[in-house]
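Participant: My questions are about this predicted structure, shown below with the sequence.
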Amino acid sequence: MNKNGILFKMSIINNDFYPILLDRIISILPFDIITMNPATLYKSRKYNKDTFYDLLFISLNKSVTFCSSVSKDVRNSMTIRYDDIANIITLMIRSKECKDESEFLSKISYVLNETKFISASFRDRLDSIFSTTNDISFYEEKGIDTSKLKKVIRATFNDEVLDIEQFSGHCHEYGGIEFTSTYLMWFGKDFFRFVPQETLTSFKDCVSNETFDNGTVRIQLYENINDFNTAETDRRQWAFRKHTNIDKVAEEWNKEYLAMASKDKSGANMTIENGNFEHGGVKLVKLYLDKDNNTTTKKHAVKVKCVEYDSAGNVVFDDILSV
């Protein structure tokens with residue numbers, strides 16, 4: 001039994017993403033679907049399966065970056081992101097009310113064993129926030145003494161933030177691919193271009209390390225999902241990072257990804273910025289729209305939908321502005 005809910009994340013090449021897979025995942029969500037926000041719409045509406053699927057796959061066929069979601073609320077949601085540069089879909093399921101993770105984990109494990117994907121991870125929801133948040137006040141609100149933690153100055157905003165790379169569970173994500181060290185991790189054949197299969201299978205400082213018939217490697221680092229903040233978990237997470245050289249791997253992939261992105265920025269229909277923004281958000285997503293509120297390239301946009309997210313992934317501002 002976990003205390004804070006769960007977060008599941010999966011990366012998959014667009015060409016391997018198909019309606020039946022999405023249908024299977026939606027059918028095992030640990031919450032009820034009430035609303036939807038397809039990529040081609042700028043406002044949420046009552047969830048309708050056929051409409052959501054139609055609009056989602058129309059957006060995929062356009063091959064432009066987008067973000068789409070089905071959810072009950074921001075604490076219980078499934079988000080689908082598509083990165084047109086890397087041609088990768090990232091699917092993220094967050095559920096604060098999922099206190100017994102065993103049933104969902106069993107079902108998602110079955111799906112993964114039958115699916116071609118890049119990588120996936122499963123962790124405590126609060127752990128996922130710690131893995132990506134550098135806001136000092138967030139840690140202090142959780143009763144954590146930050147006086148001895150390493151801090152850095154962000155050149156863009158000239159403000160002081162925590163260096164999250166000092167934490168063993170920190171996460172890098174570039175172009176939709178996640179590089180981390182956490183409770184449960186799956187690595188498909190497409191991940192072996194980053195870390196060889198034999199490197200992953202030879203890691204022994206864990207609860208279990210299994211290879212399935214489809215070649216997927218599944219590693220469970222520690223026994224209990226709640227134990228993400230113990231000394232033993234910390235040691236194992238650092239051991240995994242060192243064994244796989246995962247941070248260097250992430251850095252090299254980011255260089256490759258940025259090189260691909262620099263070739264053509266004019267066709268982007270979405271931009272994502274990290275920082276401290278006007279309404280208290282730490283991430284700002286701008287989606288460019290035409291006069292009919294359909295997504296379009298930045299250079300052709302007449303409106304822009306601005307969405308700010310706080311460190312927990314909650315929406316704190318959402319509005320459409322003129323360009």
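Facilitator: Perfect, I can see it now. Just so it is clear, the model here is predicted, and its values are computed rather than measured.
Participant: Am I right that residue 120 is in a strand?
Facilitator: Yes. Residue 120 forms part of a strand when assessed by DSSP: H, G, I helix; E, B strand; the rest coil.
Participant: Tell me how many other residues surround it.
Facilitator: 25 (other CB atoms under 10 Å). To be clear about C-beta, it is placed using only N, CA and C from the backbone, and glycine gets the same treatment.
Participant: Repeat that for residue 62.
Facilitator: Other residues close to residue 62 by other CB under 10 Å number 16.
Participant: What residue, apart from its backbone neighbours, is nearest it spatially?
Facilitator: residue 295 (7.8 Å; CB to CB, 6 or more residues apart in numbering).
Participant: Measure how buried that neighbour is and give me the count.
Facilitator: What residue 295 shows, counting by other CB under 10 Å, is a neighbour count of 21.
Participant: separation between it and residue 35?
Facilitator: Distance of residue 295 to residue 35, computed by CB to CB, to the nearest Å: 19 Å.
Participant: in this protein, which spans are helices?
Facilitator: 19-27, 49-62, 101-113, 125-130, 136-141, 197-201, 231-244, 246-262 (DSSP state H).
Participant: So, low pLDDT: which residues of this structure?
Facilitator: Where the chain drops to pLDDT under 70, the residues are 155-156, 264-268, 312.
Participant: now the farthest one out in it, which residue is it?
Facilitator: residue 291 (30.6 Å; CA atoms, centre = their mean).
Participant: related to what we said a few turns ago, which residues pair with the residue nearest to residue 62 across the strands?
Facilitator: residue 289 (DSSP bridges).
Participant: Can you give me every residue that contacts it?
Facilitator: By CB atoms under 8 Å, 6 or more residues apart in numbering, the residues touching residue 295 are 39-40, 59, 62, 64, 66, 269-270, 287-289.
Participant: same question, residue 174
Facilitator: 250, 253-254, 257.
Participant: I figured residue 74 hits residue 313, correct?
Facilitator: Yes. Between residue 74 and residue 313 there is a contact under CB atoms under 8 Å: 6.9 Å.
Participant: hey, where'd the strands end up in the stretch 151-300 of the chain?
Facilitator: Assigned by DSSP state E, counting those that start in this stretch, the strands in the stretch 151-300 of the chain fall at 151-154, 159-162, 172-174, 177-179, 184-187, 208-211, 217-220, 270-274, 283-289.
Participant: Out of the ones you listed, which is closest to residue 116?
Facilitator: Nearest to residue 116, of all the strands of the stretch 151-300 of the chain, is strand 184-187, at 11.7 Å by CB to CB.
Participant: What lies in contact with that closest one?
Facilitator: So strand 184-187 is contacted by 105, 112, 117, 119-123, 195, 197, 200, 216-221 (CB under 8 Å, 6+ apart).
Participant: Mind doing that once more with 7 Å?
Facilitator: By CB atoms under 7 Å, 6 or more residues apart in numbering, the surrounding residues in contact with strand 184-187 are 112, 119-122, 200, 216-220.
Participant: The nearest residue to residue 272 once chain neighbours are set aside bridge partners, please.
Facilitator: Spatial nearest neighbour of residue 272, chain neighbours left out: residue 285 (5.3 Å); criterion: CB to CB, 6+ apart. Taking DSSP bridges as the rule, residue 285 bridges to residue 272, residue 307.
Participant: Touching, the residue farthest from the centre of the chain and residue 302? I think so.
Facilitator: Yes. The pair residue 291 and residue 302 passes the contact test of CB atoms under 7 Å, sitting 5.3 Å apart.
Participant: gap between the closest residue in space to residue 271 that isn't next to it in sequence and residue 254?
Facilitator: Among residues not flanking residue 271 along the chain, residue 286 sits closest, at 4.8 Å (CB to CB, 6+ apart). Per CB to CB, residue 286 is found 21 Å from residue 254.
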